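Peer 1: Next input, structure requested:
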Amino acid sequence: MNPAMRERLDEIERTYEEVTKELSTPDVASDPSRLRDLGRRHRELEEIVSVAREYRSALAEAEDARSLTRGEEDPESREFYRQEAVQAEEQARKLEERLEVLLLPKDPNDQKNVLVEIRGGAGGQEAALFAADLLGMYRRYAERQGWKTDVLSSSPSDLGGFKEVVLEIRGEGAYSRLKHESGVHRVQRIPETESGGRIHTSTATVAVLPEAEEVEVEVRPEDVQTDVFRSSGPGGQSVNTTDSAVRLTHKPTGIVVSVQEERSQLQNREKAMRYLRARLLKLEQERQQREEADARRAQVGTGERSEKIRTYNFPQSRVTDHRIGLTSHRLDGILHEGELDEFVEALGARERAERLGRAE
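Peer 2: The predicted model follows:
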């Protein structure tokens, strides 16, 4: 391990001890906001400190075994201690590699809640039905993680799908695990409306937005136009007799969001504001990446069939992520049960490897 890395680990361990001590003080216990921030910081540091201590322990074991090897005259015992030293050194090497990844700068949004926008792309009603399948997949994945979900906004199609739907997922690390889901998802199957048994290809686009906290995005009341209207279901029929649905228009940017999932106008307005803040935060992040429109298209594409990050092939019960060349033949478990971990972890590993390559 190089001296700079060793020095950084020592500093992290000192900070960890300070945060641990501060968490136990009465002042922090009576301040929920401070308690939450310190708790998050403590968890971030805890893994690094734990691995660093394992690393030092493995190095000490290796040194002890090497020392015993040098002082042992019996060939059999000497070989035993030599193997012990090799195993401990190998363990230390793996732990050092893990520390290198853990010490990489983290995406500041990784621990945030997310809003997942799903829109039917090419394929008409079948694309809308596929959007509903993706909604179910993310809801069930969230349940497996112990996260909470809430539909913020939806535009149902006539056959039970969604032209578009926005899902809020609340849980620690939600963005870090779902951010790679952004892009064009493609499905190949025989639609329910197809009498000839032909396989059709349809798409849906997914955009994953980190939820914005009020301190990150200031929304001035005078910049927002609020309209209320009656909620409507598929085909435009009214599902509510009061004007409880809320549409917010952010005048400086032209962003429009509407929420009609709750019966209470106040609840719908609160949800709409969360959605609007997330959209504005995303807009600012895209501006920092220079070209807002190009960045947006890079994330979700146009929804054409030829663009895709992942394909769900029903005839072969196959799911393929084209970015990493990973294929699984557990389509039912992935799409209908939310068993996404294999893809989430492989995409996360690719991101870490790329960041490590850039850091070197």
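Peer 1: So for Glu11, what's the pLDDT?
Peer 2: As summarised for this prediction, Glu11 has a pLDDT of 90.
Peer 1: Tell me which helix or strand it sits in.
Peer 2: helix 3-23 (DSSP states H and E).
Peer 1: Return the set of buried residues in that helix.
Peer 2: Leu9, Ile12, Tyr16, Val19 (16 or more other CB atoms under 10 Å). Yep, even glycine has a C-beta here, placed from its N, CA and C like the rest.
Peer 1: Could you single out the nearest of the residues you listed to Glu73?
Peer 2: Glu73 has its nearest neighbour among the buried residues of helix 3-23 in Leu9, at 38.0 Å by CB to CB.
Peer 1: sorry, back to before: now the buried residues of helix 3-23 as TSV including distance to Ala132?
Peer 2: Converted to TSV, these look like this (distance: CB to CB, whole Å):
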residue	distance to Ala132
Leu9	48
Ile12	45
Tyr16	45
Val19	44
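Peer 1: Give me the contact list for the helix holding Glu11.
Peer 2: Helix 3-23 has contacts (CB atoms under 8 Å, 6 or more residues apart in numbering) with 28, 35, 38-39, 41-42, 45-46, 48-49, 52, 99-100, 103.
Peer 1: Just the buried ones from those, in ChimeraX syntax?
Peer 2: Buried members of the contacts of helix 3-23, defined by 16+ other CB under 10 Å, are picked up in ChimeraX with:
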select :28,38,42,45,48,49,52,99,103
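Peer 1: ok now the helix holding Glu11, how far from the chain's centre?
Peer 2: In terms of CA atoms, centre = their mean, to the nearest Å, the centre of helix 3-23 is found 27 Å from the chain centre.
Peer 1: again with stretch 1-16
Peer 2: For stretch 1-16, the separation from the chain centroid amounts to 29 Å (computed by CA atoms, centre = their mean).
Peer 1: which residues of the stretch 1-150 of the chain fall in helices?
Peer 2: Remark: helices assigned in the stretch 1-150 of the chain by DSSP state H, counting those that start in this stretch are 3-23, 26-29, 32-71, 75-102, 124-145.
Peer 1: among those, where is the model least confident on average?
Peer 2: helix 26-29 (a mean of 84).
Peer 1: just checking, what packs against that helix?
Peer 2: Helices and strands touching helix 26-29, by 3 or more CB pairs under 8 Å, 6 or more residues apart in numbering; DSSP states H and E, are helix 32-71.
Peer 1: Also compute the angle for the helix or strand harbouring Thr201 relative to helix 124-145, please.
Peer 2: Here Thr201, judged by DSSP H and E, is contained in strand 200-210. Interaxial angle, strand 200-210 versus helix 124-145 (axes from the mean of the first three to the mean of the last three CA atoms, to 10 degrees): 40 degrees.
Peer 1: where do the strands sit along the stretch 101-250 of the chain?
Peer 2: Using DSSP state E, counting those that start in this stretch, the strands found in the stretch 101-250 of the chain span residues 114-120, 148-156, 162-170, 183-189, 200-210, 224-229, 245-250.
Peer 1: Distance from the strand holding Thr201 to the middle of the chain?
Peer 2: Mean C-alpha position of strand 200-210 versus that of the full chain (CA atoms, centre = their mean) differs by 15 Å.
Peer 1: for stretch 4-24, same thing?
Peer 2: Relative to its chain's centre, stretch 4-24 lies at 27 Å (CA atoms, centre = their mean).
Peer 1: Same question for stretch 175-186.
Peer 2: Counting by CA atoms, centre = their mean, stretch 175-186 is centred 7 Å from the centre of its parent chain.
Peer 1: first vs last residue of that stretch, how far apart are they?
Peer 2: This stretch, stretch 175-186, spans 22 Å end to end (CA to CA, to the nearest Å).
Peer 1: follow-up on the earlier one: between the helix holding Glu11 and helix 32-71, how big is the angle?
Peer 2: Using the same axes, to 10 degrees: helix 3-23 against helix 32-71 is 130 degrees.
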